[in-house]
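A.B. asks: Model the structure of this input:
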Amino acid sequence: MAVLVDVLLPPELQKAGESIIERWLHKPGARVRANEPLVEINTDKAVVEVPAPADGVLKEILKQDNDAVLPGDVLGRIATDASVAAPSTSTSREPSGTRQTGPARLAGPTDSELLSPAVRQLVRQHQIDVAQIHGSGRGSRITVHDVENYLASQRSSPAAERSASRKIPHSPMRRRIAQHMVESALRTAPHVTAVFEADLSAVVAHLQQHKADFERDGVKLTFSSYFVAAAVKALRAVPEVNGRWHDDGLEVFEDCNIGIATAVPGGLIVPVIQKAQDLDLIGIASRIQELTAKARAGKLELRELQDGTFTVTNHGVSGSLIATPIIVQPQVAILGIGKLEKRAVVVESDGSDSIQIKPMAYVTLTIDHRALDGAQANAFLSKFVEALAGW
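C.D. replies: Next comes the predicted model:
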């Protein structure tokens, strides 16, 4: 008698809220081993592999690719009896007598594309040149939704001449980012932004003096390292900014777990420097280097994305002067750093004014106005720019 074992979200994802099925790594009928990666789950922060809970045969899949998953949902079931035969009909069937263990290749113009059986069937049925379809799956893989969107766009195109356009299907990561942004800015926290200007002369001089020393130790010293270190000093001066809003009070954290907004293909994720207050400049630089490299390689662990208490986004690296970032819930503030550029600045010395050229940057603090007021935002930014100017 076969014993069915439920495939559930791991404990660390049970508290992550709604997630999305990225893709199943096996098909019904496939033999799997305990702890072998079975299905990929897309949270709003990262793609996480869920392992098989037992040795056996994947009997059925209850949650399909791109389906939403809530804590407690059963994703599928594994039959532990090796004699289990037919897979569930809850996913697309393979033709009788065949066994598909992975995505197949089509001959001809699609040799370079990995297509699932369902996608291959649609492509052949509608005689589609897959080179015209942008894949939204992992590794730009073409999904059934991509083909359906392409067919819908073809059907809706009028015969008359029109401007050329193309639709880029949303990836699961982009959909999760969109949901989080709308939830944070429009449904949860009233956002208010304060703007200061930072003089980075001392930071630039320090970086130029010590960059080679850091590199000899295998660490890349960047401006972001100074921003995190200065943010720690400002959080210590105004601890309420390092907090979380609750209906019955403001929870203020002792540890400064600072998230670093990091651009990755298809979106943005926020790895967290845990206990940044215990790290010196080289420790912060080393941790940033490690986390951003893992983020861009898709190798972050879930624990490296959790428990952030404050976030820094250095949007100036892509040329932006000023921005009003959206708060990462359930935090109460986010720090934005604009582009560093040389500006003419009026400097007073001994009662006389002079114009000097200095490396300057606009910095913003966007706050949840339920938890913080302008006075606290300004106090934080004052301490932050003071720490940078006096490095």
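
A.B. asks: Could I get the full set of strands for the stretch 1-150 of the chain?
C.D. replies: Defined through DSSP state E, counting those that start in this stretch, the strands belonging to the stretch 1-150 of the chain, from first to last, are 4-8, 19-24, 31-32, 37-42, 47-51, 56-61, 68-69, 74-79.

A.B. asks: and the ones you listed as TSV, adding distance to Val123, mean neighbour count and mean pLDDT?
C.D. replies: (C-beta placed from N, C-alpha, C; glycine too.) As requested, the strands of the stretch 1-150 of the chain are exported to TSV (distance: least, Cβ to Cβ, whole Å; neighbours: other Cβ atoms under 10 Å; pLDDT from 0 to 100):
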stretch	distance to Val123	mean neighbour count	mean pLDDT
strand 4-8	30	18	91
strand 19-24	18	22	87
strand 31-32	29	17	92
strand 37-42	23	20	87
strand 47-51	26	18	82
strand 56-61	22	22	92
strand 68-69	27	18	85
strand 74-79	27	21	93
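
A.B. asks: Ok, which of these comes nearest Lys358?
C.D. replies: Nearest of the strands of the stretch 1-150 of the chain to Lys358, taken as Cβ to Cβ: strand 47-51 at 42.8 Å.

A.B. asks: I'd like to know which elements that closest one is packed against.
C.D. replies: Of the remaining helices and strands, those touching strand 47-51 by 3 or more Cβ pairs under 8 Å, 6 or more residues apart in numbering; DSSP states H and E are strand 37-42.

A.B. asks: Could you tell me the angle between the strand it packs on and strand 4-8?
C.D. replies: Going by axes from the mean of the first three to the mean of the last three Cα atoms, to 10 degrees, strand 37-42 is angled at 30 degrees with respect to strand 4-8.

A.B. asks: tell me what strand 37-42 is packed against?
C.D. replies: Under the contact definition 3+ Cβ pairs under 8 Å, 6+ apart, strand 37-42 sits against strand 19-24, strand 47-51, strand 74-79, helix 172-182.

A.B. asks: and the ones you listed as CSV, adding distance to Thr193?
C.D. replies: Below are the helices and strands packed on strand 37-42 laid out as CSV (distance: least, Cβ to Cβ, whole Å):
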stretch, distance to Thr193
strand 19-24, 30
strand 47-51, 31
strand 74-79, 40
helix 172-182, 15
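
A.B. asks: Can you show me the helices along the stretch 151-300 of the chain?
C.D. replies: Listed in chain order, the helices of the stretch 151-300 of the chain (DSSP state H, counting those that start in this stretch) span 172-182, 201-216, 223-237, 281-296.

A.B. asks: comparing those helices, which gets the lowest mean pLDDT score?
C.D. replies: The stretch with the lowest average pLDDT out of the helices of the stretch 151-300 of the chain is helix 172-182, scoring a mean of 77.

A.B. asks: Residues in contact with it: which ones?
C.D. replies: Helix 172-182 has contacts (Cβ atoms under 8 Å, 6 or more residues apart in numbering) with 20, 22, 42-44, 47, 66, 170, 266-268, 326, 328-329.

A.B. asks: if we go to 10 Å?
C.D. replies: Counting by Cβ atoms under 10 Å, 6 or more residues apart in numbering, helix 172-182 makes contact with 17-23, 40-47, 65-66, 68, 136-138, 168-171, 188, 264-269, 325-329, all of which sit outside it.

A.B. asks: Please name whichever of the strands of the stretch 1-150 of the chain is nearest to Gln125.
C.D. replies: When the strands of the stretch 1-150 of the chain are compared by Cβ to Cβ, strand 19-24 sits nearest Gln125, at 22.1 Å.

A.B. asks: low-confidence ranges in the stretch 51-200 of the chain?
C.D. replies: Applying pLDDT under 70 to the stretch 51-200 of the chain flags residues 81-118, 137-139, 155-163.

A.B. asks: hmm, back to that, buried deepest among the helices of the stretch 151-300 of the chain, which one?
C.D. replies: Each of the helices of the stretch 151-300 of the chain was scored by mean neighbour count; the highest is helix 223-237, a mean of 22, by mean count of other Cβ atoms under 10 Å.

A.B. asks: just checking, what packs against that helix?
C.D. replies: In terms of contacts (3 or more Cβ pairs under 10 Å, 6 or more residues apart in numbering; DSSP states H and E), helix 223-237 is packed against helix 201-216, strand 258-260, helix 281-296, strand 310-313, strand 333-337, strand 352-368, helix 374-389.

A.B. asks: Is it correct that Ile327 falls within a strand?
C.D. replies: No. Using DSSP: H, G, I helix; E, B strand; the rest coil, the secondary structure at Ile327 is coil, not a strand.

A.B. asks: So what does it have for phi and psi?
C.D. replies: Backbone geometry at Ile327, expressed as degrees, to the nearest 10, gives phi -60, psi 140.
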